[in-house]
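Chemist: Any chance you can model this:
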Amino acid sequence: MTAQPERWLVLTIRMADPELLPLAAEVLVGRGSWAVQEAEGGVVTYLPEPRDPEAYVAELRDALAEELPSAAAPEVHWRWQANEDWAARWREGLAPRQVTERIVVKPTWTEWEARPGQVVVDIDPQMAFGTGEHATTRGCLRLLNDALRPGDRVLDVGSGSAILAITAAMLGAAEVVAVEYDPDANLNARENLERNEVEDRVRIVEAMADAELVAGLGRFDVVLANILSGIIRPLLPAFRDVLGAAPQGRLIVSGILRAEAPAVMHDAEAVGFRIVRIDEEEEWWSALLCPVA
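Modeler: Okay, the predicted model is just below:
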């Protein structure tokens with residue numbers, strides 16, 4: 001098991017406009033947060049102790065200023081919390097979640113009596129973003145439930161805890177390539193692969209996803225991208241290329257705020273994708289796209 005820190009840096013971001021909190025959460029995830037939850041009147045995350053906490057918080061404030069509207073003025077507060085307190089608090093309220101009739105995601109310490117044909121994914125939520133508790137993950141899983149075909153070759157970009165890669169393998173994918181640059185997330189992901197007995201079909205590539213990397217991984221039947229829209233949009237041409245010209249290729253994108261969806265759709269259509277299905281939950285937008293023949 002991965003070693004746990006003695007204490008955690010607890011960051012809380014509050015904003016006058018609560019509709020901007022999901023964007024603040026995306027900034028936290030993009031800067032290495034393992035999990036973000038809505039609490040204390042804002043969004044809260046727990047991080048291993050940085051070498052220089054004050055410098056880290058200052059850099060976070062700069063990143064928020066770049067991503068949020070100039071008038072947003074987020075409040076950033078931080079404090080310390082002992083590991084045992086964090087672990088107990090994080091587990092409170094977490095329970096198995098049935099995302100579709102076929103897909104169930106459950107924390108490792110809970111039980112679920114599976115019906116015939118159900119896929120039950122065991123995920124340890126301590127070490128990476130992606131537990132089924134976030135609307136973007138659920139949107140991807142709902143779209144994947146109907147889109148994946150047995151024998152598919154799947155690419156998961158920004159795989160985090162590997163929840164999507166694991167689900168794809170358990171739904172019948174022959175091979176899944178999971179790309180994630182965060183080594184801490186990948187430690188957790190490898191544990192999750194072994195726990196769900198899919199390590200023989202899921203390969204983790206520890207690297208930052210860019211067009212060159214994606215192109216070098218070969219052809220795929222399905223591409224999953226539950227990441228920031230600002231990362232998805234430049235990668236759309238590469239996704240189109242690795243899916244090939246056949247209309248059977250499928251791209252699932254998520255991590256996109258509804259306000260960002262028109263720009264994503266515009267860029268997707270410009271490189272030869274068509275929208276097949278849209279999934280919306282709360283302020284989040286996910287979509288299944290296919291190449292135009």
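Chemist: where in the chain is pLDDT low?
Modeler: 1-5, 30, 32-35, 39-40, 71, 83-93, 125-133, 245-247 (pLDDT under 70).
Chemist: where along it do the helices fall?
Modeler: 21-30, 53-67, 83-91, 135-147, 163-170, 183-195, 211-216, 229-243, 261-270 (DSSP state H).
Chemist: Nearest to Gln118 among the ones you listed would be which one?
Modeler: Each of the helices of the chain has some distance to Gln118 by CB to CB; the shortest is helix 163-170, at 10.0 Å. No exception for glycine: its C-beta is placed from N, CA and C like everyone else's.
Chemist: the inter-axis angle of that closest one versus helix 183-195?
Modeler: For helix 163-170 against helix 183-195, the angle by axes from the mean of the first three to the mean of the last three CA atoms, to 10 degrees is 20 degrees.
Chemist: Helix 163-170 vs helix 135-147, what angle?
Modeler: 20 degrees.
Chemist: Neighbours of the nearest residue to Arg138 once chain neighbours are set aside, how many?
Modeler: The shortest distance from Arg138 to any non-neighbouring residue, by CB to CB, 6 or more residues apart in numbering, is to Val99 (5.3 Å). Residues contacting Val99 under the criterion other CB atoms under 10 Å number 20.
Chemist: Touching, Val99 and Gly139? I think so.
Modeler: No. Using CB atoms under 8 Å, Val99 is not in contact with Gly139; the gap is 9.5 Å.
Chemist: Does Asp241 touch Ala215 like I think?
Modeler: Yes. Counting by CB under 8 Å, Asp241 does reach Ala215; the two are 6.3 Å apart.
Chemist: The two: which has the busier surroundings?
Modeler: When neighbours are counted by other CB under 10 Å, Asp241 and Ala215 differ, and Asp241 comes out ahead with 16 against 12.
Chemist: and the gap between the more buried one and Ala209?
Modeler: Counting by CB to CB, to the nearest Å, the gap from Asp241 to Ala209 is 14 Å.
Chemist: quick one, what contacts the residue nearest to Arg138?
Modeler: Val105, Gly132, Arg138, Leu141, Arg142, Asn145 (CB atoms under 8 Å, 6 or more residues apart in numbering).
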